[in-house]
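Student: Just need the structure, nothing else, for what follows:
(one chain, ligands or ions: 1)
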Amino acid sequence: MTASFPLRAHTLALDPATLAELGITGPAGLLGASSPDGPLSWLRRGEGLLGFGEITSFTGSGPSRFADAEQWWKTLLASAAVDDSVRMPGTGAMAFGSFAFSKTSASESALIVPALVVGFSDGTAWLTQLTVDGTVPTAGAALALLRDIAASHTVPTSLSTTPDTPSVGTVRSGALTEEEWKASVRSGVAAIARGGLEKVVLARDVVAEFPEPVSRVSILQRLVALYDECWTYGVRGLVGATPEILIKVDGSVAQARVLAGTLDREDEPAGSTGFADAVLGGSLKQRHEHDFAVRSLTRQLAPFATDLSFPAEPFILELPNVWHLASDVTAQLASSNGHLPTSLALVEALHPTAAVCGTPREDAGKLILELEKMDRGPYAGPVGWLDGAGNGEWGIALRGAVLEDPHHVRLYAGAGIVEASDPEAELAETWAKFRPMLQALQLPNHP
Ligand SMILES: C=C(O[C@@H]1C=C(C(=O)O)C=C[C@H]1O)C(=O)O
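Tutor: Next up, the predicted model:
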């Protein structure tokens with residue numbers, strides 16, 4: 001989809017009175033609006049961005065997919081007319097995006113500019129109308145569009161967040177059976193034992209099949225309701241709720257949330273206290289895995305930063321399905337030739353991290369292609385949004401799935417393999433990581 005006229009964007013603040021008049025209480029309430037497929041989404045803790053409609057987009061693949069996307073966005077911005085009285089990250093010109101994990105993937109990477117964006121951040125709400133057809137966006141036109149969307153808002157009556165609601169869907173293995181995947185894990189462990197390779201992240205896919213069409217909106221609504229601490233993303237057919245941030249850029253500050261080290265909450269003995277601290281924080285294997293991930297991220301980020309900081313000890317991130325060892329990294333960005341790096345430039349430099357690929361990166365990447373026997377598609381790739389000022393938020397597309405057609409959903413999950421890994425335990429870890437999507441699809445925990 002190419003733009004025929006220059007991009008135009010108009011952003012206005014949405015005051016509480018207007019929101020109340022339209023019956024809008026927050027982004028989650030707007031999810032069910034406009035179309036059964038629902039909007040482009042990036043949501044967390046009652047804030048975030050929703051994009052309605054698509055006016056122009058970039059598609060690309062291969063090793064230059066990030067650079068090509070950046071070039072496309074810069075070209076679009078060069079002739080853009082932006083009227084933005086709010087001036088916050090995500091206001092004015094913006095696009096949602098999703099990138100394939102691998103440069104060899106058949107899956108297309110995309111940046112998508114919506115027709116209308118509703119944003120909520122730090123207590124401020126705004127509305128942006130964007131056009132590429134020569135029409136001049138105005139406050140009146142933007143509000144009229146929002147009014148239509150808010151009026152069409154329907155809350156599906158079938159929505160339930162009960163995890164054990166019986167479902168009519170079935171789940172089958174994807175590229176590999178469980179036994180085959182465990183054999184791949186054993187091969188991974190053997191490769192590490194031979195030396196050279198320290199860690200490889202091996203993933204697998206399962207396919208959920210439904211006699212009735214699945215509702216993208218209901219999936220997003222359940223993820224938002226259950227995984228408030230995660231970033232719920234929806235970019236076309238890619239949906240999920242990730243706990244991991246590859247990079248967030250807000251002006252001259254960049255932040256990342258690095259995870260590695262996982263414990264299934266179902267394994268917690270009844271009545272125990274401090275279980276996660278003892279098992280996760282106290283495990284050398286888990287700490288080792290976590291350190292790989294933090295070191296890899298900071299090494300790649302360092303050339304772009306004047307200052308980099310992260311706590312000496314990771315913290316334990318508690319999610320409904322698992323605990324993770326987590327580290328929040330903050331960087332003060334360095335300008336080069338008077339320019340700060342854009343979020344997309346940092347995405348290109350950081351992807352793939354050791355959390356989803358391994359160490360050393362090249363060797364791990366080759367082994368992944370050999371052992372997983374699947375195309376990861378957008379799984380474990382960057383997903384998020386960017387704006388015209390260089391800001392953006394990019395998560396790693398984990399705990400997610402691709403809606404392949406109305407009746408088939410492909411779920412992905414992986415685990416970091418080190419020399420001490422046990423294939424059975426790693427398999428169980430993938431089931432714990434499938435759980436957010438299984439819950440969102442109202443499927444049993446471990447079919
Ligand atoms: C690979 C996944 O998760 C990654 C691997 C982790 C681990 O091995 O402990 C933890 C969080 C993520 O960085 C996934 O969710 O599919």
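Student: C-alpha only now, for contacts and for neighbours.
Tutor: Will do.
Student: Quick check: phi and psi on Leu226?
Tutor: Main-chain torsions, Leu226, degrees, to the nearest 10: phi -90, psi -30.
Student: correct me, but it touches Asn321?
Tutor: No - the pair Leu226 / Asn321 is not scored as a contact, 9.9 Å apart, by C-alpha atoms under 8 Å.
Student: Between those two, which has more neighbouring residues?
Tutor: More crowded of Leu226 and Asn321, by other C-alpha atoms under 10 Å: Leu226, with 20 against 17.
Student: Tell me the spacing between that one and His408.
Tutor: Between Leu226 and His408 the distance, using C-alpha to C-alpha, to the nearest Å, works out to 22 Å.
Student: According to the record, where do the domains of the chain fall?
Tutor: Following automatic domain parsing, the chain resolves into domains at 8-151, 170-230+242-440.
Student: What's the end-to-end length of the shortest one?
Tutor: So that's domain 8-151. By C-alpha to C-alpha, the extent of domain 8-151 from end to end equals 25 Å.
Student: quick one: it to chain centroid distance?
Tutor: Taking the mean of its C-alpha atoms, domain 8-151 sits 16 Å from the chain's own mean (C-alpha atoms, centre = their mean, to the nearest Å).
Student: Run through the neighbouring helices and strands of the host helix or strand of Ser296.
Tutor: Secondary structure assigned from DSSP states H and E places Ser296 in helix 284-301. Packing partners of helix 284-301 (3 or more C-alpha pairs under 8 Å, 6 or more residues apart in numbering; DSSP states H and E): strand 253-264, strand 322-333, helix 343-350.
Student: got the angle for that helix vs helix 343-350?
Tutor: Relative orientation of helix 284-301 versus helix 343-350 (axes from the mean of the first three to the mean of the last three C-alpha atoms, to 10 degrees): 130 degrees.
Student: wait, does stretch 437-447 contact the ligand?
Tutor: No - using C-alpha under 6 Å from any ligand atom, stretch 437-447 stays clear of the ligand, with a minimum separation of 11.0 Å.
Student: Poorly predicted segments of this protein, please.
Tutor: 1-3, 34, 153-167, 447 (pLDDT under 70).
Student: May I have the helix holding Ser296 as CSV, with CA atoms only?
Tutor: Extracted in CSV, the C-alpha atoms of helix 284-301 (Å, rounded to 0.1, in the frame of the first residue of the first chain):
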residue,chain,number,x,y,z
LEU,A,284,22.8,-20.9,39.4
LYS,A,285,21.4,-22.2,36.0
GLN,A,286,18.7,-19.5,36.0
ARG,A,287,21.0,-16.8,37.0
HIS,A,288,23.5,-17.9,34.4
GLU,A,289,20.8,-17.8,31.7
HIS,A,290,19.7,-14.3,32.9
ASP,A,291,23.2,-12.9,32.9
PHE,A,292,23.7,-14.0,29.2
ALA,A,293,20.6,-12.1,28.3
VAL,A,294,21.5,-8.9,30.2
ARG,A,295,25.1,-8.9,28.9
SER,A,296,24.0,-9.4,25.3
LEU,A,297,21.5,-6.5,25.5
THR,A,298,23.9,-4.0,27.2
ARG,A,299,26.7,-4.9,24.8
GLN,A,300,24.5,-4.1,21.8
LEU,A,301,23.1,-0.9,23.4
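Student: That helix vs the ligand: in contact?
Tutor: No - figure legend: helix 284-301 not in contact with the ligand (C-alpha under 6 Å from any ligand atom); closest approach 7.4 Å.
Student: Are there helices or strands packed against the next helix or strand after that helix, and which ones?
Tutor: On the C-terminal side of helix 284-301, the closest following helix or strand by DSSP H and E is strand 305-309. Counting by 3+ C-alpha pairs under 8 Å, 6+ apart, the packing neighbours recorded for strand 305-309 are strand 322-333.
Student: Quick check: neighbours of the strand it packs on in the sheet, parallel or antiparallel?
Tutor: For strand 322-333, the paired strands and their directions (DSSP bridges) are strand 253-264 (antiparallel), strand 305-309 (antiparallel), strand 315-318 (antiparallel).
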